[in-house]
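Novice: mind looking at a prediction? Sequence and model below.
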Amino acid sequence: MNNTLTSPGNRQAGIFVAVASFLSIGVVAPGCSEADPKDFGPPPESASPDPTAEMGSAPPGTPLYAEVFSVTDAAVLDGDWFVLDGRANQVHRISPEGEPVRSFGREGSGPGEFRRANAIVAHGDSIVVVGGGMVHVFGSGGEHIADRRVQPAPSFDCFAPTMRTTGAVSVETGLLLQVECFGLDGSLAVHIVAEGADGFVRSLAHREGKRGQFDFGGTLTVVAGHPRGFLFGSAWESCLDLYSLSGRRLDAICHDWLEPVDLPPEVAREFEGMIADARRQGIRVRLPETLPAIVGVSAMAGGRLVYRRLVSADLDMDTFQLVTRDETGQAVVLPVPPAPVLFQDGRSVLAAWEELEGTRIYTRTLNSLDGS
């Protein structure tokens, strides 16, 4: 998939958890135009909330999958969802038609095995799982094709043993990977890299931190494919940069039309405690006044952007919804139930609720993104 929360091992971790993980290890990651919504066809209809469903609860009748322990990430190929189960170190193929679940992969370091995988993407007719410093390639039927290590090119300033692959995007030129890289000075940089024919990866775009400073923007980075290349940036900021597939910055696409979510007072108090600890370690931190307006983005073929954002009424900060922009420039919530795990891949949407007996998974296709 193409939305990335830089928190170890869980693409859907809450923002509080993501920031806490950065602060707790004492690591620092240290002109704007908008696309015209009229270019992308008719706007979708607003969501009509299900009166029988509570905030963050699965709609009645949502099937329970006992074999799915968690949903770390998900991607669509030929109409089927491929769910990365980070807890079980498996991939589950789920058909919207209700066919039996087919699972593949397992924990380990041998062929077709993986640990700490945190992203999955459909690439051509293959399914690619990434995590740690590895890329694992499978056929759509689960057959193992290849495993390869992410190798930084000699010119890439990254200490290879500390490199962690946290996301992947399929583009026409190949795979783009999001990697976190620790410098020898203790700083943290987030890079979007492309694999070369020689097997090495080279950076196309990056967000670089400075030693002794904590950048909230580094706790929530977003990457997504786009018809003109790829989007990359921090969800804490009001714009994402648009790059060509060669790494040339083309533009910035802004989402400042989305209202930011106020930082709940109790959360601010929790942050302040961690910030005080960080300052005692000599790390400079400034608490933001609001939560990020988005936590992920997806671009449709025509260029319309769909954003994943926190539900402002959810004080636990772990329930998400999908939002796009109508012809008047207003935010429109897509007719998908708010959920703690929510993915969109093209017109396909998957929402999930993890329970003790398994995971409830809701899927839907939004034809033309008009809510039909």
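Specialist: All right, it came through fine. Numbering: from 1, shown residues only.

Novice: only C-alpha atoms for contact and neighbour calcs from this point on.
Specialist: Fine.

Novice: this structure: helices as residue ranges?
Specialist: Using DSSP state H, the helices found in the chain span residues 15-24, 265-280.

Novice: by mean pLDDT, show me the worst of those helices.
Specialist: Sorting the helices of the chain by mean pLDDT places helix 15-24 lowest, at a mean of 54.

Novice: check contacts around Ser126.
Specialist: Contacts for Ser126 (CA atoms under 8 Å, 6 or more residues apart in numbering) come out as Val137, Phe138, Gly139, Ser140.

Novice: and the residue lying closest to Val223 once chain neighbours are set aside, how far from Gly346?
Specialist: In space, and not counting its chain neighbours, Val223 is closest to Phe232: 4.5 Å by CA to CA, 6 or more residues apart in numbering. Separation of Phe232 from Gly346 (CA to CA, to the nearest Å): 18 Å.

Novice: of those two, which one has the most company?
Specialist: Phe232 (24 against 18; other CA atoms under 10 Å).

Novice: wait, what's in contact with that one?
Specialist: Applying CA under 8 Å, 6+ apart, we find Phe232 in contact with Ala205, Thr221, Val222, Val223, Ala224, Leu240, Asp241, Leu242, Tyr243.

Novice: quick one: the closest residue to the second one other than its chain neighbours from Tyr243, how far?
Specialist: It stands for Thr221. Using CA to CA, 6+ apart and skipping residues adjacent in sequence, the residue nearest Thr221 is Ser234, 4.4 Å away. Ser234 sits 14 Å away from Tyr243, going by CA to CA.

Novice: got it, and Ala351?
Specialist: The gap separating Ala351 from Tyr243 is 29 Å, by CA to CA.

Novice: go on, Gly98?
Specialist: For Gly98, the distance to Tyr243 (CA to CA) stands at 39 Å.

Novice: cool, Met274 as well?
Specialist: Counting by CA to CA - Met274 and Tyr243 are separated by 35 Å.

Novice: ok, those two, which is more surrounded?
Specialist: Per other CA under 10 Å, whichever of Met274 and Tyr243 has more neighbours is Tyr243, with 21 against 16.

Novice: give me every residue that touches that one.
Specialist: Residues near Tyr243 by CA under 8 Å, 6+ apart: Arg228, Gly229, Phe230, Leu231, Phe232, Arg249, Leu250, Asp251.

Novice: just the pLDDT at the fifth one, thanks.
Specialist: Put plainly, it is Phe232. 96.

Novice: repeat for Val261
Specialist: Residue-level pLDDT assigned to Val261 equals 78.

Novice: my guess is it contacts Ala293. True?
Specialist: Yes - between Val261 and Ala293 there is a contact under CA atoms under 8 Å: 6.2 Å.

Novice: more crowded one of those two?
Specialist: Ala293 (24 against 18).

Novice: that one reaches Trp257, doesn't it?
Specialist: No - between Ala293 and Trp257 there is no contact under CA under 8 Å: 9.3 Å.

Novice: list the beta-bridge partners for Gly132.
Specialist: Thr165 (DSSP bridges).

Novice: who touches it in this structure?
Specialist: Listed by CA under 8 Å, 6+ apart, the contact set of Gly132 reads Arg115, Arg116, Ala117, Met163, Arg164, Thr165, Thr166.

Novice: now the two most distant members of those.
Specialist: Distance extremes for the contacts of Gly132: the farthest pair is Arg115 and Met163 at 14.9 Å, using CA to CA.

Novice: so which of these two has more stuff around it?
Specialist: Under the criterion of other CA under 10 Å, the comparison of Arg115 against Met163 puts Met163 first, with 22 against 19.

Novice: can you give me every residue that contacts the more buried one?
Specialist: The contact partners of Met163, taken as CA under 8 Å, 6+ apart, are Gly132, Gly133, Val179, Glu180, Cys181, Phe182.
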